[in-house]
Structure formats: structure tokens, C-alpha cells
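In: Below are the sequence and a predicted model; questions follow.
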Amino acid sequence: MSSGKINYSSYPDDKGHFGPYGGRFVSETLMSALDDLDEMYRRLMNDADFLAEFDADLAHYVGRPSPLYFAKRWTQQLGGAKIYLKREDLNHTGAHKVNNTIGQALLAKHSGKTRIIAETGAGQHGVATATVAARLGMKCQIFMGVEDVKRQALNVYRMKLLGADVFPVTSGSKTLKDAMNEAMRDWVTNVDDTFYIIGTVAGPAPYPQLVRDFQSVIGREARRQCLEQEGKLPDALVACIGGGSNAIGLFHPFLEDESVVMYGVEAAGLGIETGQHAAPLAAGRPGVLHGNRTYLMEDDNGQIIHTHSISAGLDYPGVGPEHSWLKDIGRANYVSVDDNEALAAFRKLTLVEGIMPALESSHALAYVEKLAPTMDKDQVIIVNLSGRGDKDIHTVADIDGIGLGLAPESD
Amino acid sequence: MSRVKACFEQLKAKNKTALIPYLTAGDPQPDCTVKAMHALVEGGADIVEVGVPFSDPMADGPVIQQAVERALAHDVSLTHVLAMVKEFRQKDDTTPIILMGYLNPIEVMGYEKFIRAAHEAGVDGNIIVDLPPEEADEYIALTDKYELSRVFLVAPTTTEARIKIISDASSGYIYYVSLKGVTGAASLNVAEVTEKMAVMARHTNLPISVGFGIKDAESAAAVSKVAEGVVVGSAIVNRMKDRQDNPGSIPEELCQFMRNLRLAMDSA
């Protein structure tokens, strides 16, 4: 390495640390299972047959590569940088989540375990997991907070149709973090026969690394596509951040391209100043939760505090440890967008480009609305359109006062 | 000599097993805790494990999860728990007190600030459920400095190679988690426990306590034959919950429960 440059692909270290973040903070019962997973993962990631199987599944089952689409009309309206959408919404099951579940399903198959569990917030990871479990013929249990079960009724039904058992979690804040607690408790109990498919770049090592590696197909494709279509690298990347898997998937293959500026967009909910948000990088501090050290939303006593976002998939008090590290070393910028701005961007892209984005991805789009006009017309932004908005139609209809058949139950 | 070491040496001389109850600090309300701790000791407890409430108790079953929620409804924090131990020490300067909980409240307080404050309050050691030895360099150095016991966990899934790592990092005693699961889960298998204890004994001279799945006098007696300590948690928390509307009756109930366990263990 030349002096001063960071070799990003050498992170995490062999204990799963990204600087002070990451690591493996779990109860002893899980340590051996994580050691086994780590050993298997290191072996298979250097196994040509395994990688070929992963690539074939991404091509023929997921439908990759996903297009890099030039949003011409939206670009003209904003009057600044050229905006490209990385169309993860066109993947099978409708979001980037499936890239990771395909990869982890292959690991599960190699592990010889017979049962799959997963946590889910918006339900996209739950659907993507139930999908791969159906394909493998494995038993599948999805943990989902009851608050999310209510606001994502469509995805709950999809998971059931796919043969998964959806367990409504009633403890704590009844959202994604509690679903993850319950999945961990299940895993501790059934560790002999169960493979835990974590849905984001968080959790104990090696999960942040392996989820990143499976999701990095997004950035590898985008980099190649941008060179083909624009003849140069993009100037900026924008992606929303809950746990941060779609963002790290886009960012990681560009980390050593110093000219590429990165923006991770957290959910400001009702506004950072109200405390009702889900933006640990903007307003949290480091701590330990769910097996890793990372930025968290917590009080002065170290208790995790409730989060709020219009988008269930971003409603999480932590963030992947690699993002915490990229924030501290200044390689990526972390910004936030509130519920109303995200909702406006959802409507805008739908009307201007005929593409209905997920509310999660709408946070990234809303930031592009601010960023693009400040840039030159020959500059290029790639924004990760991480998922499609079908699952959110009832949330938006509810805000519009229109009752649909699948409207979330009200309390 | 540390209180923990003295405690196990005295028990060994009498050929007895340590009875180690657990309660969640602040459950069902903050002013119950110190009284309950004294009552446990009066009934025959040798060491008391005091749970520090944390919002996301990933290793705990529903009984202790709900205890934590009751405590957090009163905003009981790590600082309060240390004050409770200090108050306990005014009347009892011999019974070892071990704090049990999760890492994040300690991370936020700061390792050195916490370890020093724990030492000053009269705490004898800690069980930090989500801190394995591999991540514990700073914690190990500080607990050496302030002479606090580090009670690490061993589980049924722990390999012999890891048992060695854990034994080397531990002081005071080792906590064997007797089953794959959360606290308060199904009953333990004494034969399996016995087998694992033999493996552990090859790597450590420290006393080994067994917890998770010990619910009553019968299971406590069975485990006391193979272990140096018997940890009882959810069964105590359940008794406190049942009396939450009449908290004045909690100490007598806990004292009696301890007497029953003590009797069963001592005659086993």
C-alpha cells in the first residue's frame, strides 16, 4: 500500500473489528456456532464452485445484473447532476435483500442445518428469507415486531404463502430491534439445527462482513455500468441506511476510488430535534447491541431508546459497524431525511419516472433532491433504489385517508 | 482474601455447595431490592447475583425480560444498582455480591469508572453476558487492578479449546449455563452437566456454579451433588412478581424459599 491509503478490503480484522467497531459480543452459547460459520465462510468464499453457484443464482433466480437507469426527466427537473438509479427494486422479491439471502441460503445448505430463522422490520428481508427457504425446502421462522406486523400486512401474508411461520414479537418496542432479540433467543435455544440469516450488515462477526460481501454485487455492477454508460466513475453515491446493507453494498466497491463522494441517508423521522427518529450516526453514540459495537440510539444509562420512522425498514436504533467506522474516518458522509421529505420523494419519483420506490429508498431519493441541484450538469450521482414501493401503498393510502383492503389494522 | 474466595473455601471446609440466588435490581420496585437481598442471605444464600436492568436482555427468557421491564419502568440504572449494593453493605460485609447484566450500560458509563465505582460500592465481581473473553482485554486489566471477580460463562456448546480460554480469563468462579436456551427455559439434564463439569475440571481449579433451568428444591439438590454452586434466578423472580401487589411479603417468601433449597441441597 502507498502511505496514507487505507486498504478497505482488509477490513474487518480477524476478530471482525472495523477500527473500534464490530466484534463479537454474544452469549457464550453462540460463540462456537459463530466460529463454525466464520470458518465455513472463509473457506467457501475462496471456493470457485461456491462462487459460481452464487453468481448463477443471482443471474437466473434474482435476475441480475439489475439495470443502472438514467432518470432523465427527474434530472431535468432538478437541473443539476445526472441521476442514475441502481434498480434493486427489479430483483426477484422486490428489493436488494435477496442478494444476501441467496448467499446465506447457500451457506445454510453447506452447514447441514435444517431450519432457518430471520428477523424482519419492513418484511422485505423476511420475504427474501422465506423465499430462499421455500426453494431449499427448509423450515422457516420469521420474527417480526407486532407493530411491523400491523403496518406491513401484505408482506406478512406473502411470507405465510411462502410457507414461513411468522412469529409476532410483543416485547420491548415491538419493532425490528425486538425481533432481532427474539431471533437471537431462538438461535440460542435451537443452535444445533438452526441457521440464522441476519438481514443487514450488523450483528456479531462474521455477519457484517459476509452480508457486505454478498451485497457488494450492487456496487460492482454499478461501477462497471457507470464506466460503460458514462465513460467515468460517478461523482456521488447515495443510499438509505437502516442497518446499512444496501448502502454498504453500493459503497464498498468504490471505497478506494477517492474521487467518489458517498452519502448514507438515515431516517430523521419527525425531525432529529424531536428525538423521534432513527438516526444513530447523526444523533447517537457508540455502544454494544446485537453482538457488535457501533453507533446506537441510547440514553445516558445505556438503555436503547425507541426509534421512529415512517419506514419500518429504517426503524432500527443501531447501524452496521462498518458505517460507524467510515463515519469516524470521514470516508462516507451521513445525513438524514425526515418522514415528510421521504414521502414527497416517493410521490415525486412515481409521477416523474413511473417508478414507485420503497419508503426506505425514498429517503435516499429525498437527499438526491437536495444534492443534485448543487452539482454540475456533467457530474453523475448513483442512487440505490433499494426496493419497490408496493408494500408501502397502504401506508401512503392511510396518510391520504383512503382505506384499502390491505390497510394496516388500527389500534 | 476476596469475599468470593473466602466464601467458597468456607463452604468447601463444610462440604457444602454455594446457594446463589439471582434477582433483578429494582423489580418489582426499587425499595424492594436491598430488603430482598438480606432476606435471601437470612434464608441461606451464600452469594447474591444482582441483575442490572437492560432494555434488550437477549439471553433472558420471558420471566426475567418482564422483571427488567418492571425495573425500567422505575428508571433503575447501573448507578442505582451500585447505590443498592452500597446500602446492602451497611448491614452485611461478608456475603459476596456479583452484578449480572449486559455490556452496554458499562460501555456508556466507561469501564474504569464502572469498575472503580463497583469496587467502592462493595461489589465483588461481574457476569457480563455478552462479553466473551476475546473482547475483554480492557475489562480484564481493570478488574485485576480493582480485584473484582470475572465470572465468565461456559455453555453446553463451548468447545474444550474455548473452555481453556475462558478458564484462563476467569476469576472467582465459573458459571456453567446448563442448557441451550434462555434463562428460565426447560429443565436441565444432570447427566450432561456432570459430563461437562469433568471437562472443565481439567482446565480450572476455580469453583464451578451451574445456572439456567434450576427451578426447585429437587433440581437444586441434584445439581449440588456435581457443582460447587447452584444458581437460581427465574424461580425467585417469579415469586417476587406474584407478590408485587404486596411487596412487604416478598422478604419472608424469599427467605422461606431459600431455606427449602438449602435444606434439600444440604441433605443431598
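Out: Yep, it's here. Residues are numbered from 1 along each chain as shown, chains lettered A, B, ... in the order given.
In: Just give me the longest strand of the chain.
Out: You didn't say which chain, so I picked chain A. For chain A, the strand that runs over the most residues, judged by DSSP state E, is strand A:261-271.
In: nope, chain B
Out: The residue-count maximum for a strand in chain B (DSSP E) belongs to strand B:18-24.
In: Okay, now the sheet partners of it, with direction.
Out: Applying DSSP bridges to the sheet, strand B:18-24 is found paired with strand B:48-51 (parallel), strand B:229-232 (parallel).
In: Could you pick out the residues of the stretch 151-268 of chain B near chain A for me?
Out: Contact residues, the stretch 151-268 of chain B versus chain A (CB under 8 Å from any CB of the partner chain): B:152-159, B:162, B:166, B:177, B:180-182, B:185. The way it works is simple: take the backbone N, C-alpha and C, and place the C-beta from them, glycine included.
In: Mark which of these are buried, thanks.
Out: B:152-158, B:162, B:166, B:177, B:180-182, B:185 (16 or more other CB atoms under 10 Å in any protein chain shown).
In: Pipe the residues you listed into CSV and attach pLDDT, distance to B:Val232 and secondary structure per row.
Out: Formatted as CSV, those follow (pLDDT from 0 to 100; distance: CB to CB, whole Å; DSSP: H, G, I helix; E, B strand; the rest coil):
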residue, pLDDT, distance to B:Val232, secondary structure
B:Phe152, 98, 20, coil
B:Leu153, 97, 16, strand
B:Val154, 97, 18, strand
B:Ala155, 95, 18, coil
B:Pro156, 93, 19, coil
B:Thr157, 94, 23, coil
B:Thr158, 96, 22, coil
B:Arg162, 96, 26, helix
B:Ile166, 98, 22, helix
B:Val177, 93, 14, strand
B:Lys180, 84, 19, coil
B:Gly181, 83, 16, coil
B:Val182, 82, 15, coil
B:Ala185, 72, 14, coil
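In: Okay, helices next: where are they in the stretch 51-200 of chain B?
Out: In the stretch 51-200 of chain B, the helices defined using DSSP state H, counting those that start in this stretch lie at B:62-72, B:78-89, B:104-109, B:111-121, B:137-145, B:160-169, B:190-201.
In: hey, which of the ones you listed is tucked in deepest?
Out: helix B:104-109 (a mean of 23; mean count of other CB atoms under 10 Å in any protein chain shown).
In: Quick one: list the elements packing against that helix.
Out: Here helix B:104-109 touches strand A:285-289, helix B:78-89, going by 3 or more CB pairs under 8 Å, 6 or more residues apart in numbering or on different chains; DSSP states H and E.
In: Let's have these in TSV, adding distance to B:Ile115 and mean pLDDT.
Out: TSV is the format used below for the helices and strands packed on helix B:104-109 (distance: least, CB to CB, whole Å; pLDDT from 0 to 100):
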stretch	distance to B:Ile115	mean pLDDT
strand A:285-289	16	98
helix B:78-89	11	98
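In: Tabulate these (a markdown table), appending distance to A:Arg347.
Out: As requested, these are exported to a markdown table (distance: least, CB to CB, whole Å):
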| stretch | distance to A:Arg347 |
| --- | --- |
| strand A:285-289 | 34 |
| helix B:78-89 | 46 |
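In: quick revisit: as a markdown table, the strands paired with strand B:18-24 with mean neighbour count and mean pLDDT would be great.
Out: Putting those into a markdown table (neighbours: other CB atoms under 10 Å in any protein chain shown; pLDDT from 0 to 100) gives the following:
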| stretch | mean neighbour count | mean pLDDT |
| --- | --- | --- |
| strand B:48-51 | 26 | 98 |
| strand B:229-232 | 26 | 97 |
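In: How about the secondary structure of A:Ala118?
Out: strand (DSSP: H, G, I helix; E, B strand; the rest coil).
In: State the pLDDT value of it.
Out: On pLDDT, A:Ala118 comes in at 98.
In: For A:Gly16, see how far away it is.
Out: 20 Å (CB to CB, to the nearest Å).
In: Those two: which has the busier surroundings?
Out: Counting neighbours by other CB atoms under 10 Å in any protein chain shown for A:Ala118 and for A:Gly16 shows that A:Ala118 has the greater number, 30 against 25.
In: Please name the nearest non-neighbouring residue to the more buried one.
Out: Among residues not flanking A:Ala118 along the chain, A:Thr129 sits closest, at 4.0 Å (CB to CB, 6 or more residues apart in numbering or on different chains).
In: ok, so what distance separates the one you found from A:Ile241?
Out: Applying CB to CB, the value for A:Thr129 to A:Ile241 is 21 Å.
In: Turn the helices of the stretch 51-200 of chain B into a markdown table, columns for distance to A:Tyr207.
Out: Putting those into a markdown table (distance: least, CB to CB, whole Å) gives the following:
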| stretch | distance to A:Tyr207 |
| --- | --- |
| helix B:62-72 | 24 |
| helix B:78-89 | 28 |
| helix B:104-109 | 18 |
| helix B:111-121 | 25 |
| helix B:137-145 | 22 |
| helix B:160-169 | 19 |
| helix B:190-201 | 28 |
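In: Of those, which is nearest A:Ser362?
Out: helix B:104-109 (31.3 Å; CB to CB).
In: so who does A:Phe251 touch?
Out: The neighbours of A:Phe251, taking CB atoms under 8 Å, 6 or more residues apart in numbering or on different chains as the test, are A:Gly219, A:Leu237, A:Ala239, A:Met262, A:Gly264, A:Leu326, A:Ala332.
In: between those, which is nearest chain B?
Out: Nearest to chain B among the contacts of A:Phe251: A:Leu326, at 20.6 Å, using CB to the nearest CB.
In: For that closest one, give me the pLDDT.
Out: Here the pLDDT value assigned to A:Leu326 is 98.
In: Name the helix or strand for it, please.
Out: Here A:Leu326, judged by DSSP states H and E, is contained in helix A:321-328.
In: got the buried residues for that helix?
Out: Buried residues in helix A:321-328, defined by neighbour count with 16+ other CB under 10 Å: A:Pro321, A:Glu322, A:His323, A:Ser324, A:Trp325, A:Leu326, A:Lys327.
In: and if you look at stretch A:260-267?
Out: Neighbour-count burial for stretch A:260-267, counted by 16+ other CB under 10 Å, picks out A:Val260, A:Val261, A:Met262, A:Tyr263, A:Gly264, A:Val265, A:Glu266, A:Ala267.
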